[in-house]
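**Student:** I need the structure of the sequence given here:
(chains A and B, ligands or ions: 3)
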Amino acid sequence: MADIILNKIYVKVWRQNSPKAKGRFETYQVENVSQGSSFLEMIDILNDKLILEGKDPIAFDHDCREGICGMCSMYINGHAHGPDTEVTTCQLHMRKFHEGQTIVVEPWRAAAFPVIKDVMVDRSAFEKIQQAGGYVSVNTGGVPDGNVILIGQDDAEEAMDAAACIGCGACVATCKNSSAMLFVAAKVSQFAKLPQGKVEAKKRAKAMVAKMDELGFGSCTNTGGCELACPKSISIAHIARLNREYLSAKLSD
Amino acid sequence: MSTLNSKIPAGPIAEKWTNHKAKIKVVSPANKRKLDVIVVGTGLAGASAAASLAELGYNVTAFCYQDSPRRAHSIAAQGGINAAKNYQNDNDSVYRLFYDTIKGGDYRAREANVHRLAEVSPNIIDQCVAQGVPFAREYGGTLSNRSFGGVLVSRTFYARGQTGQQLLLGAYSALNRQINAGTVKMHTRHEMLDLVVIDGKARGIIARDMVSGEVKRFGAHAVVLATGGYANVFFLSTNAMGCNASASWVAYKKGAYFANPCYVQIHPTCIPVHGSQQSKLTLMSESLRNDGRVWVPRKKEDAEKLRRGEIRPNDIADVDRDFYLERRYPSYGNLVPRDVASRAAKERCDAGFGVNKEGMAVFLDFKYAIERLGQETIAKRYGNLFQMYEKITDVNPYKEPMQIYPAIHYAMGGTWVDYNLMTTIPGLYSLGEANFSDHGANRLGASALMQGLADGYFVLPYTIGDYLGNEIMVPKINTNLPEFEAAEKAVTERLEKLFNIKGKTPADHFHKKLGAILWDYVGMSRNEAGLKKAIEEIKKLRKEFYADLLVPGELKNVNPELEKAGRVADFLEFGELLARDALNRKESCGGHFREESATEEGEAKRDDENFAYVAAWEFKGVDEEPALHKEDLVFETIQLTQRSYK
Ligand SMILES: Cc1cc2nc3c(=O)[nH]c(=O)nc-3n(C[C@H](O)[C@H](O)[C@H](O)COP(=O)(O)OP(=O)(O)OC[C@H]3O[C@@H](n4cnc5c(N)ncnc54)[C@H](O)[C@@H]3O)c2cc1C
Ligand code: SF4
Ligand code: FES
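**Tutor:** Ligands and ions are numbered 1, 2, ... in the order given. So this is what the prediction gives:
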């Protein structure tokens, strides 16, 4: 376990006191950070210092700190979730940075994700997309035995690949069009691979895509940036599946 | 001392729930539409409850502190969920799951609740499958199972190492469907800060909008708390940063008894603490003990060399490895329950066999499983966990054993509830990890997900009718009533008080100090002198907090430090209750180990004659001693014996 100490690094971070306020970058010095620490632990150290200096600490979203809740969301040195691959911001470790480095930290930037404060953004647009159709319409109770519905291992695994999306929004933040296609595709594709999802497949694809368009996300031009930024490696093959589902739904209109 | 009425139905254990359901009130659809229910917390327990209640026709208002219900801490559960399906034909049954849970809980849970949990467990799997939860499957298309600690059958259902995520996303989808239908009004980024009680009944809550800072009132005919566990009182735990005791704590202060706070689960397989900058601990799922073997060096000099970095674990030959769980517990081996595995690790490390620099780690080795099954199979089972481990530690667990050490993980204690899941405040319910009811003094792996979903999908939607059936004539709750006004004022004043201390120390510093006191004196091993010391130190720390706290920022804006300050203030009171409960319980049981009560081999020794009861505490004032109420545990079906996993 590496615990080399970084004596001094610089954090250049976006500060914005409220949604309407004008934002700006501020640069702070941070000392004595163990390379074994996580990126957010480094921000904790910086915030502690800011508080003790009588300044306002940096507001940021985080909760589980183990890469699964999807809350953390920093754009670090030009990459959503920073320079490492297949990790969220909270899983990024200071081993990826070196002595004296200046680290630039920004919020997700997308019209559909307005800044709330500093690097904390409002992702409620994602909620609305899920509410529009991200479910199988079953009530509690009165469902068949779990083993009545047989699902081949490959289909189950593929559904799981798609279902692994944590709703972080890195795909949107990375896309030059701020498209939410990968996020929507992950849900549509999960259900498309399962018999339970088939009944409402058409309705779901149309409703979720319509909501996405309505909320100001851009359109997908297949640049593939989202896939690279996604901490859960959600494949753009799911976008192709979404397109097929959507098209067949539209054709049967 | 008064006795509590747990309202356990009469009759044979296997018929209690059925009989009870037949007797309790049912509310008509027309009346359900007139009734409002508040659900605080939308993790597994809260999301499943909110969705199910709304499907039934109630008007639901739900709250969570994250920006989405999908981010509740349930999302982090890795290993799996139990159910008595007997799909493996290995002689599993409702009775066996019931028995394992009572035994695993070291005979400190209520029989009737646990049996009901086992009874509804198969329905949970069916429900989740119907929602499209992508559980692992066999080649033939049937559902797969794996084994977990403390049991001899294979009854755990899973979705890779992300079972909690997939179950929560299932409940979240059901909730979203109701939000879309307009039957649930969801408030994200809202933190409940007080409970409103009118004429002895729960009638609403006060919550702070965490974006605008506004303090708001919400009224309802009943209030459901599904706000999760309190393990974060220890600062370092496997819980998410925001997990807290505050909602349960304000309910406690308004009259809801708090049960068995000293029952805290310490999970044996977590990534060890490194240095002093750490903010949380990461769990490595218990499922890993299916294929990983736990060991430390047999020779002390090898352990010393490891600590100094002079040798690597793979330099130690098999004969020089002490597989201490297999040695001490031949029949369960690496799959002993969590409390047993944790204490055994501590015992080896305390004896000088720890393997990391700090001497506080043991090995969990997959070499043997990889030799037997191949790397591909292991990757399929645990790939994401191995990746997580490597990202954090920079060590490849396919090549070198993982280092693990016990960490605070789960709260068995919680708000006291009766068989209907109602607290001692009429109209106030508590579900999921927030209540105390099903796990006794130690929870078995994969049983928390089961309990949360049982409570939310299949218990509360029935039992709440028994109370709301009497409320149908009560009009919409008016939030202009003086009780709401007083509660809102108290919340605002408290926030101002914390904000205006303007001392020199941020909230986290107090939280870390509190955590250190609890870990040292109220952790894996406890004794009378230490517990008394802890109580005094916590009181002292609480005084310092109110003299020297520093909250930056603004009251009426996003202010994570203000949120933290409130939670830490509550933890500083709750921590004392935890220590008091541990002091009162002079026996050892499950996760609660009193050094004064051990067998010659160092195993926990229960005292059924004096302690076969639930300790439910009543609030008497912050600096007053709480009153103890005992609910005697009556075992009609299972005979009490000392647990043995040998
Ligand atoms: C790392 C980890 C792995 C685990 N693995 C397993 C496993 O494999 N199998 C298993 O069975 N169990 C496991 N558990 C335990 C299990 O995940 C939890 O006990 C369970 O998910 C708790 O669910 P819950 O709904 O009660 O609470 P949570 O999921 O914690 O939800 C709490 C909810 O309450 C809200 N809330 C809290 N306080 C407030 C407030 N004051 N105001 C408003 N809202 C509030 C939160 O926003 C959230 O929505 C694991 C736990 C951890 C930490
Ligand atoms: S698709 Fe990937 S990047 Fe986009 S929200 Fe899901 S997990 Fe995040
Ligand atoms: S804090 Fe949960 S994913 Fe990063």
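
**Student:** alpha carbons only for contacts and neighbour counts from here, please
**Tutor:** Fine.

**Student:** pLDDT below threshold where in the chain?
**Tutor:** By default, I'm working from chain A. In the predicted model of chain A, residues A:1-2 satisfy pLDDT under 70.

**Student:** wait, chain B was what I had in mind.
**Tutor:** Applying pLDDT under 70 to chain B flags residues B:1-3.

**Student:** centre of it to the edge, which residue is at the far end?
**Tutor:** Distance from the C-alpha centroid of chain B, by CA atoms, centre = their mean, peaks at B:Glu310 (39.8 Å).

**Student:** which residues does the most centrally placed residue in chain A contact?
**Tutor:** Relative to the mean C-alpha position of chain A, the nearest C-alpha, by CA atoms, centre = their mean, is the one of A:Cys168, at 1.9 Å. Shown in contact with A:Cys168 (CA atoms under 8 Å, 6 or more residues apart in numbering or on different chains): A:Gly70, A:Met71, A:Cys72, A:Ser73.

**Student:** would you list these in CSV and tack on neighbour count and secondary structure?
**Tutor:** Output for the contacts of A:Cys168, formatted as CSV (neighbours: other CA atoms under 10 Å in any protein chain shown; DSSP: H, G, I helix; E, B strand; the rest coil):
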residue, neighbour count, secondary structure
A:Gly70, 27, coil
A:Met71, 28, coil
A:Cys72, 25, coil
A:Ser73, 25, coil
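
**Student:** distance of the residue nearest to the centre of chain A from A:Arg123?
**Tutor:** 9 Å (CA to CA, to the nearest Å).

**Student:** now swap in B:Cys349 and tell me
**Tutor:** Distance from B:Cys349 to A:Arg123, by CA to CA: 46 Å.

**Student:** now the residue nearest to the centre of chain A: phi and psi?
**Tutor:** phi -80, psi -30 (degrees, to the nearest 10).

**Student:** what are the buried residues along stretch A:189-209?
**Tutor:** By 16 or more other CA atoms under 10 Å in any protein chain shown, the buried positions in stretch A:189-209 come out as A:189-194, A:196-197, A:201-202, A:204-209.

**Student:** which of the residues you listed lies closest to B:Ala181?
**Tutor:** A:Ala207 (13.9 Å; CA to CA).

**Student:** helices of the stretch 401-550 of chain B, start to end?
**Tutor:** Assigned by DSSP state H, counting those that start in this stretch, the stretch 401-550 of chain B shows helices spanning B:448-453, B:460-468, B:482-500, B:507-521, B:528-548.

**Student:** since we're on the closest residue to B:Asp322 other than its chain neighbours, how many residues are nearby?
**Tutor:** Leaving out its chain neighbours, the residue that sits closest to B:Asp322 by CA to CA, 6 or more residues apart in numbering or on different chains is B:Arg298, at 4.9 Å. Each residue near B:Arg298 was counted by other CA atoms under 10 Å in any protein chain shown, and the total is 17.

**Student:** same check, this time on B:Arg308
**Tutor:** There are 13 residues near B:Arg308, going by other CA under 10 Å.

**Student:** domain parsing for the chain?
**Tutor:** Just going to use chain A. A:5-117, A:123-251 (automatic domain parsing).

**Student:** think we crossed wires, I meant chain B
**Tutor:** Using automatic domain parsing, chain B is parsed into the domains B:267-408, B:482-622.

**Student:** out of those domains, which is closest to ligand 2?
**Tutor:** domain B:267-408 (14.2 Å; CA to the nearest ligand atom).

**Student:** end-to-end on the closest one?
**Tutor:** 6 Å.

**Student:** how far away from the center of its chain is that domain?
**Tutor:** In this view, domain B:267-408 has its centroid 24 Å away from the chain centroid, taken as CA atoms, centre = their mean, to the nearest Å.

**Student:** for stretch B:198-213, same thing?
**Tutor:** With CA atoms, centre = their mean as the basis, stretch B:198-213 stands 24 Å off its chain's centre.

**Student:** what about the helices in chain A?
**Tutor:** A:39-52, A:124-133, A:153-163, A:170-174, A:181-192, A:195-198, A:201-214, A:225-229, A:237-251 (DSSP state H).

**Student:** redo these as a markdown table? Include distance to chain B.
**Tutor:** What follows is those, written out as a markdown table (distance: least, CA to the nearest CA, whole Å):
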| stretch | distance to chain B |
| --- | --- |
| helix A:39-52 | 6 |
| helix A:124-133 | 5 |
| helix A:153-163 | 5 |
| helix A:170-174 | 16 |
| helix A:181-192 | 7 |
| helix A:195-198 | 6 |
| helix A:201-214 | 12 |
| helix A:225-229 | 17 |
| helix A:237-251 | 16 |
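
**Student:** who wins for proximity to B:Gln403 among those?
**Tutor:** The closest of the helices of chain A to B:Gln403 is helix A:39-52. By CA to CA, the value is 21.2 Å.

**Student:** okay, angle between that closest one and helix B:507-521 too, please.
**Tutor:** 120 degrees (axes from the mean of the first three to the mean of the last three CA atoms, to 10 degrees).

**Student:** now what about helix A:39-52, what contacts it?
**Tutor:** A:28-30, A:33, A:56-58, A:89-94, B:277-279, B:504-506, B:550, B:552.

**Student:** longest helix anywhere in chain B?
**Tutor:** helix B:560-584.

**Student:** now that one and helix B:482-500, what's the angle there?
**Tutor:** 100 degrees.

**Student:** what does helix B:560-584 contact?
**Tutor:** Residues contacting helix B:560-584 (CA under 8 Å, 6+ apart): A:59, B:233, B:244-246, B:249, B:260-262, B:495, B:498-499, B:506-508, B:510-511, B:514, B:518, B:522, B:526-528, B:531-532, B:534-535, B:538-539, B:541-542, B:545, B:551-553, B:555, B:592, B:615, B:622.
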